[in-house]
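Q: With the sequence up front, the predicted model follows.
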2 protein chains.
Amino acid sequence: MASPTPAETGTASAGPDGKGAEAKGSGGSGRFDGIGLVAEPVFLMARAASLGSADANRALAGLGLKVRGYSALAVVCSGRKPTQRELSEFLVMLPSRVVAILDELERRGLVQRTADPRDRRSNVIVPTEAGLELYARAKEAVDAATEESLGDLTPKERQELARLLTKAAF
Amino acid sequence: MASPTPAETGTASAGPDGKGAEAKGSGGSGRFDGIGLVAEPVFLMARAASLGSADANRALAGLGLKVRGYSALAVVCSGRKPTQRELSEFLVMLPSRVVAILDELERRGLVQRTADPRDRRSNVIVPTEAGLELYARAKEAVDAATEESLGDLTPKERQELARLLTKAAF
DNA sequence: TATTGTTATACTCTATAACTATA
DNA sequence: TATAGTTATAGAGTATAACAATA
């Protein structure tokens, strides 16, 4: 059981099996009952995030994106015109990592660094047409992956999960 | 706002600010409203897990543990006598990573690799007295950190969050 | 033949500290 | 004096492939 092959998981997460092979749908932790850890939010969030990111990375692989690049592109495509500092805070990424992510997105012609008229130290990041188009397709891919990885939750449960995670994440 | 100093975050997570400095308690995403990404579970789980792990790592630092080592110790101390393969699957860690984690825990005298009478290829991992004692203290530290990072959620909401995350994580 | 644990290796991400140009 | 972006570098974590012992 459970293929020990990590698969092309991209990077930002993943682990030994692309998808939990234990007791999905049993309503509990399946064959891992009795381990106190399964009741701890820190562990549950880490595991869910790891598996979810792996799924999303697989879904994004065909578009040449991974979760972090996709997330940055999503903020840039929101119309908010973020600076790199804002991206750093929102995505919980170090400024130096933002540089690398944007270098790649800019090299591919998906975003542009533009001058901030109010502070010449800052870069305002805006999407290109190609960036907006790729983002639209990427979002579909991520949504489809989410649909699959949260397949056990009802729409109402998903909405509640998102609400609670928002309180935990901000 | 928001100290750009990452602080001694351990490793398994972290980012630019140890704790969200935006609009905690506003019931929403604060100054990040209008970014579609904040509604996506993959992003929310990654952000919550990142901040939560950073908090937990800070809480565990004084005990010489980080989230992954703590998690492995927790499973070993559950009385389940896991093999390394089982730890790999449960913790979503590659077998080679489990080797490194256990090498460290064993070197510190917290766990022991013992022979599996039913399969001489496997190691059955058991805790030492010192391991059980350290785990008890570590669990308290993690629980306290969780108490703080989920401080905005009512007990009922935390319970519901744990239930939904369990469905998502297994 | 397949699996467990192990080692080795390459790559990515995280963390820190410096540097520049602005403010 | 402080901040935004950049670069460089050290340290963890992730992903693969191979191997010995065992099944």
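A: Noted; the coordinates are in hand.

Q: Distance check, A:Ser88 against A:Val75.
A: 11 Å (CB to CB, to the nearest Å). Any C-beta I mention is one placed from the backbone N, CA and C, and that applies to glycine too.

Q: try A:Ala141
A: Counting by CB to CB, the gap from A:Ala141 to A:Val75 is 17 Å.

Q: Between the two, point out the one with more neighbours.
A: Using other CB atoms under 10 Å in any protein chain shown, the more surrounded residue of A:Ala141 and A:Val75 is A:Val75, with 23 against 18.

Q: Return the list of helices and strands in contact with the strand or helix carrying that one.
A: A:Val75 is part of helix A:67-76, with elements assigned from DSSP states H and E. Under the contact criterion of 3 or more CB pairs under 8 Å, 6 or more residues apart in numbering or on different chains; DSSP states H and E, helix A:67-76 touches helix A:41-61, helix A:84-91, helix A:95-107, strand A:111-115, strand A:123-127, helix A:129-149, helix B:41-61.

Q: And A:Gly109, how far from DNA strand D?
A: Going from A:Gly109 to DNA strand D by CB to the nearest atom of the strand, to the nearest Å gives 16 Å.

Q: how about the nearest residue to that residue, chain neighbours excluded?
A: Once flanking residues are discounted, A:Gly109 sits nearest to A:Ala130: 5.3 Å by CB to CB, 6 or more residues apart in numbering or on different chains.

Q: Touching, the one you found and A:Val111? I think so.
A: No: counting by CB atoms under 8 Å, A:Ala130 stays clear of A:Val111, with 9.4 Å between them.

Q: The two - which one has more neighbours?
A: A side-by-side neighbour count of A:Ala130 and A:Val111, using other CB under 10 Å, places A:Val111 first with 24 against 12.

Q: Bridging across strands, which residues link to that one?
A: A:Pro127 (DSSP bridges).

Q: Next, name the residue at the spatial heart of chain A.
A: A:Val67 (3.9 Å; CA atoms, centre = their mean).

Q: where does chain A dip in pLDDT?
A: Along chain A, segments meeting pLDDT under 70 span A:1-31.

Q: Ok, which of the helices and strands packed on helix A:67-76 comes nearest B:Glu160?
A: Shortest distance between B:Glu160 and these, using CB to CB, is found for helix A:41-61: 11.2 Å.

Q: okay, now A:Gly79: neighbour count?
A: A:Gly79: 11 neighbours (other CB under 10 Å).

Q: oh sorry, the question was meant for A:Pro127
A: Neighbourhood size, A:Pro127 [other CB under 10 Å]: 22.

Q: how about it, what does it touch?
A: With contact set as CB atoms under 8 Å, 6 or more residues apart in numbering or on different chains, A:Pro127 has these partners: A:Leu73, A:Val76, A:Cys77, A:Leu110, A:Val111, A:Gln112, A:Tyr135.

Q: Looking at those residues, which two lie furthest apart in space?
A: Greatest spatial distance among these (CB to CB): A:Gln112 and A:Tyr135, at 14.0 Å.

Q: out of these two, which sits in the busier spot?
A: Comparing A:Gln112 with A:Tyr135 by other CB under 10 Å, the one with more neighbours is A:Tyr135, at 22 against 16.

Q: residue contacts, the more buried one?
A: If you count contacts by CB under 8 Å, 6+ apart, then A:Tyr135 has A:Tyr70, A:Leu73, A:Ala74, A:Cys77, A:Leu110, A:Pro127 around it.
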